[in-house]
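*Asks:* can't give you the sequence, but here's the structure:
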């Protein structure tokens, strides 16, 4: 069995007295895309920066392609790790044109300027921004800047790509296009990737596996379907999408219900507290005997606020007893935006 | 690095204290009660206080007015207000004497003169003019960094009038910048020498610095030397008494100036108020700087004092009298000295800025910042006692003084630029395969270049202007041009002094303009970035 592209073993990182990551274990197989999902401040960036070699860990190890590159005793410098990174704020150099930015990794490999530029131009052309090659960052839009950032990362020809919320500063409509581009290109290279994000919708579609991070701990790892359908706790459920929590009348536990697991029409009754038209579907927030429930139905709203309706459950997932340490999540139903 | 800082700062101070308490302890009572000493101390303190109180509102008002996008000829006024920076302070003082004094330019033309220009009042006014650019710069940076237009717009939208916004939002946000400016102006005025010497001494107005200078001139009197050292230490004591509480109150704000990222344009006012502001700034620039410099040039090209500056009386004789081998040598020495000091300082400043990012380097940075409040006269005397035996009277001791005095000046812009550099830009280079040194060479040095050049330019200009230390330390064969000008002024050679003043100002102007254009060219990436952000529409007052 070939070695994993990335293996993180018991990693702990602290900034002064503040612990940013504690005892994190993760692995990424060759060609696999692992998404890191967590609220801001959960340690996603720290994890990526430690893997890249910008921070030394306090404890634990980082292995790349079967080689230990970070431990508490020894840390390989970033330039000697076979990885590339796309940054949240693009991190383009203001004094270099797009062409020279993308040629930079090849220059550092020791290739001639002409050769490096030729390859860079090909890379820019592949990303459909060849015509922008002589522009400086200040003359590029956010989407264009991030494409240059992606091209620079691809030019590194790494076996592992790190994406640190690369769409965070992009407009919503640019975001989808860029993301598609990013995934296609990265898959073309056959390399593995770690993609940090705080947007569930974005990550569920692109990742092979999902790792949920909260307050420096990995709380769950699994396929997107697993994590979405069978979250370990309420926090994991909320991180991966809209969810309601119902109390069960016949037991002590709580039930997690995704909006599309419930439907209008059934043997239970409720009153509609609120209705939102969302385009392809409509969301209804119901006041039921077991708590507030969010129901998603296709098409425009068929009922109004205040109406009494009936509802039924197609599926539900029993939640583990709430961990008191992570009780900071709101107990009311989170309404998707 | 710590050793270097100690050599140029701590050792001189310690040996001075030893001189006073060991060699002068018997006479300390006599020294402190010697006639005129109390007057000099009182004059120095009151002068620093008056200049601070007067220059703060003036500089702040200018910064506020120049922030308005609708101000006519805004770029021109910005240059006009900063112009005194390019003129050595003794040239500014001398030009005021030529413009407004008895038998001066205004007297020749209109028969009007202001007798008080030679004396405490004139010294105060010219020191205020000299301090205004500093207050303006600090306040403008504070405005850009702290009071974003959105905050003022929010106040307007909450029902505050233009004046209430100024009083309740803008000025309170500016408080840290104002405090920084006040401390700096006060301390710099305490240590100022050239203007009181040129404008005050002839009228019998003495300060601590001018007294140190005249004490050292009486080099045969050992008591005078000990008195000079005592006075120099007294200057430090006054400076520390003022700075210490301010520093404690403001904490790290004095040391760390935040990056100015926001566009400093403010809400516009009415059109007539903009015209008034422009008129005021224009009048100020004309009276404070333009007219005196014109008077200086006129005196330099006029045959004799008292003749009206009409073409019939024009001559280049003054310039040919000063074009001696001595002046040429002094000019060459000044330029070499200033260039050497600036180059060493940029390297040292850069090193401290880089070290500062580690915990160990921070104390060196603090020590370096302390040199800002160390008056030039004190530093010069300390160096003289500590190292005079080996390098006294040579250019080396003056160079050492410049390095000690200007280290902080070089360190600050470089440190600020390092702060502004996004760490991810460095990370991106490393992760693209660059080693630490390659990363610094390819992606750090280039964005840092404007700051390095700016630091070099400021050090070069300040070193070229400098007379406080060089006038105490020069010996045969190590006279700088500034010292030549000062000596010429003291000898009362009006035409020659004016011609020399014009020459030294010109010498400053050429490299200043060259480096300024290079900085602008280097900055074009960042400037474009600032411009690419669409400027918000100005809010018009109804």
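*Replies:* Perfect, thanks for sending it. It should be emphasised that the depicted structure is a prediction, and the values quoted were computed from it without experimental measurement. Numbers count the residues shown, from 1 in each chain, chains lettered A, B, ... in the order given.
*Asks:* How about the contacts made by residue B:215?
*Replies:* B:221, B:224-225, B:227-228, B:231 (C-beta atoms under 8 Å, 6 or more residues apart in numbering or on different chains). C-beta here means a position set from N, CA and C on the backbone, and glycine is covered the same way.
*Asks:* Find the helix or strand that it is a member of.
*Replies:* Residue B:215 belongs to helix B:208-217 when assigned by DSSP states H and E.
*Asks:* do you know how far residue B:470 is from chain A?
*Replies:* Distance, residue B:470 to chain A, by C-beta to the nearest C-beta, to the nearest Å: 38 Å.
*Asks:* typo on my end, residue B:191
*Replies:* Counting by C-beta to the nearest C-beta - residue B:191 and chain A are separated by 39 Å.
*Asks:* what's near enough to touch residue B:95?
*Replies:* Counting by C-beta under 8 Å, 6+ apart, residue B:95 touches B:87, B:292-293, B:295-296, B:501.
*Asks:* so the closest residue to it other than its chain neighbours is in which element?
*Replies:* Spatial nearest neighbour of residue B:95, excluding adjacent residues (C-beta to C-beta, 6 or more residues apart in numbering or on different chains): residue B:292 at 3.7 Å. Taking DSSP H and E as the definition, one finds residue B:292 inside helix B:291-301.
*Asks:* what residues does the helix or strand that that helix is followed by touch?
*Replies:* Helices and strands here follow DSSP H and E; after helix B:291-301, the next one along the chain is helix B:317-322. Contact partners of helix B:317-322, identified using C-beta under 8 Å, 6+ apart, comprise B:300-301, B:303, B:488, B:495-496, B:498-500, B:503.
*Asks:* Please list only the buried members of these.
*Replies:* The neighbour-count test (16 or more other C-beta atoms under 10 Å in any protein chain shown) marks B:300-301, B:488, B:495-496, B:498-500, B:503 as buried among the contacts of helix B:317-322.
*Asks:* Serialize those residues to TSV and add fields for distance to residue B:120 and pLDDT.
*Replies:* Shown next, in TSV, are the buried ones among the contacts of helix B:317-322 (distance: C-beta to C-beta, whole Å; pLDDT from 0 to 100):
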residue	distance to residue B:120	pLDDT
B:300	27	85
B:301	31	84
B:488	24	86
B:495	27	84
B:496	27	85
B:498	24	88
B:499	28	88
B:500	26	88
B:503	30	86
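*Asks:* and of those, the nearest to residue A:46?
*Replies:* Of all those, residue A:46 sits closest to residue B:503, with 59.8 Å by C-beta to C-beta.
*Asks:* Tell me the spatial nearest neighbour of that closest one, not counting adjacent residues.
*Replies:* Per C-beta to C-beta, 6+ apart, closest to residue B:503 is residue B:322, 7.2 Å.
*Asks:* how near is the most far-flung residue of chain B relative to its centre to residue A:30?
*Replies:* Relative to the mean C-alpha coordinate of chain B, counting by C-alpha atoms, centre = their mean, the farthest residue is residue B:433 (43.4 Å). Separation of residue B:433 from residue A:30 (C-beta to C-beta, to the nearest Å): 21 Å.
*Asks:* and if you look at residue B:42?
*Replies:* Note on residue B:42: its distance to residue A:30, by C-beta to C-beta, is 81 Å.
*Asks:* Okay, angle between the helix or strand that residue B:486 is a member of and helix B:208-217 too, please.
*Replies:* Element membership for residue B:486, per DSSP H and E: helix B:481-490. Relative orientation of helix B:481-490 versus helix B:208-217 (axes from the mean of the first three to the mean of the last three C-alpha atoms, to 10 degrees): 90 degrees.
*Asks:* can you give me phi and psi for the residue in the stretch 151-300 of chain A that chain B sits nearest to?
*Replies:* Residue of the stretch 151-300 of chain A nearest chain B, by C-beta to the nearest C-beta: residue A:156 (5.9 Å). Per-residue torsions, residue A:156: phi -80, psi -20 (degrees, to the nearest 10).
*Asks:* And for it, nearest residue in space, chain neighbours not counted?
*Replies:* In space, and not counting its chain neighbours, residue A:156 is closest to residue A:84: 3.7 Å by C-beta to C-beta, 6+ apart.
*Asks:* And what about residue A:273, helix, strand or coil?
*Replies:* strand (DSSP: H, G, I helix; E, B strand; the rest coil).
*Asks:* For it, give me its contacts.
*Replies:* Residue A:273 makes contact with A:285-287, A:292, A:305, according to C-beta under 8 Å, 6+ apart.
*Asks:* So which residues make contact with the strand or helix carrying residue A:143?
*Replies:* Assigned by DSSP H and E, residue A:143 falls within helix A:142-154. Contact with helix A:142-154 is made by A:84-87, A:90-92, A:98, A:101-102, A:104-105, A:120, A:123-124, A:126-129, A:132, A:135, A:137, A:140, A:161, A:166-167, A:169-171, A:174, A:177-178, A:181-182, A:185-186, A:189, B:428, B:432, as judged by C-beta under 8 Å, 6+ apart.
*Asks:* which of the residues you listed are buried?
*Replies:* A:84-87, A:90-92, A:98, A:101-102, A:104-105, A:120, A:123-124, A:127, A:129, A:132, A:135, A:137, A:140, A:161, A:166-167, A:169-170, A:174, A:178, A:181-182, A:185-186, A:189, B:428, B:432.
*Asks:* Restricted to strands, list these.
*Replies:* A:84-86, A:161 (DSSP state E).
*Asks:* what's the closest of the residues you listed to residue B:276?
*Replies:* For these, the residue nearest residue B:276 by C-beta to C-beta is residue A:86; the value is 52.7 Å.
*Asks:* Show me the beta-bridge partners of that closest one.
*Replies:* For residue A:86, the beta-bridge partners are residue A:163 (DSSP bridges).
*Asks:* separation between the closest residue in space to residue A:2 that isn't next to it in sequence and chain B?
*Replies:* Among residues not flanking residue A:2 along the chain, residue A:30 sits closest, at 6.3 Å (C-beta to C-beta, 6+ apart). Distance, residue A:30 to chain B, using C-beta to the nearest C-beta: 20 Å.
*Asks:* can I assume residue A:30 sits in a helix?
*Replies:* No. Counting by three-state DSSP, residue A:30 is located in no helix; its state is coil.
*Asks:* before we move on, back to that, what subset of the contacts of residue A:273 is buried?
*Replies:* Buried by 16+ other C-beta under 10 Å: A:285-286, A:292, out of the contacts of residue A:273.
*Asks:* and these, which of them are in helices?
*Replies:* Assignment to helices by DSSP state H places none of the buried ones among the contacts of residue A:273 there.
*Asks:* Keep only those of those that are in strands.
*Replies:* Among these, the members falling in strands (DSSP E) are A:285-286, A:292.
*Asks:* what about the helix or strand of chain A with the lowest mean pLDDT and chain B, touching?
*Replies:* None of the helices or strands of chain A scores lower by mean pLDDT, DSSP states H and E than helix A:172-189, at a mean of 79. No. Judged by C-beta under 8 Å from any C-beta of the partner chain, helix A:172-189 stays clear of chain B, getting no closer than 15.4 Å.
*Asks:* Off-centre distance for stretch B:428-444?
*Replies:* 36 Å (C-alpha atoms, centre = their mean, to the nearest Å).
*Asks:* And the pLDDT at the residue of the stretch 151-300 of chain A closest to chain B?
*Replies:* Residue A:156 carries a pLDDT score of 87 in this model.
*Asks:* and what of residue A:144?
*Replies:* For residue A:144, the predicted pLDDT is 91.
*Asks:* ok, it - how many residues close by?
*Replies:* 19 (other C-beta atoms under 10 Å in any protein chain shown).
*Asks:* Relative to residue A:154, how far out is it?
*Replies:* Distance, residue A:144 to residue A:154, by C-beta to C-beta: 15 Å.
*Asks:* Then residue B:339?
*Replies:* 46 Å.
*Asks:* quick one: which of those two has more around it?
*Replies:* Higher neighbour count among residue B:339 and residue A:154: residue A:154, with 23 against 16, using other C-beta under 10 Å.
*Asks:* Having no further points to raise, I will conclude here.
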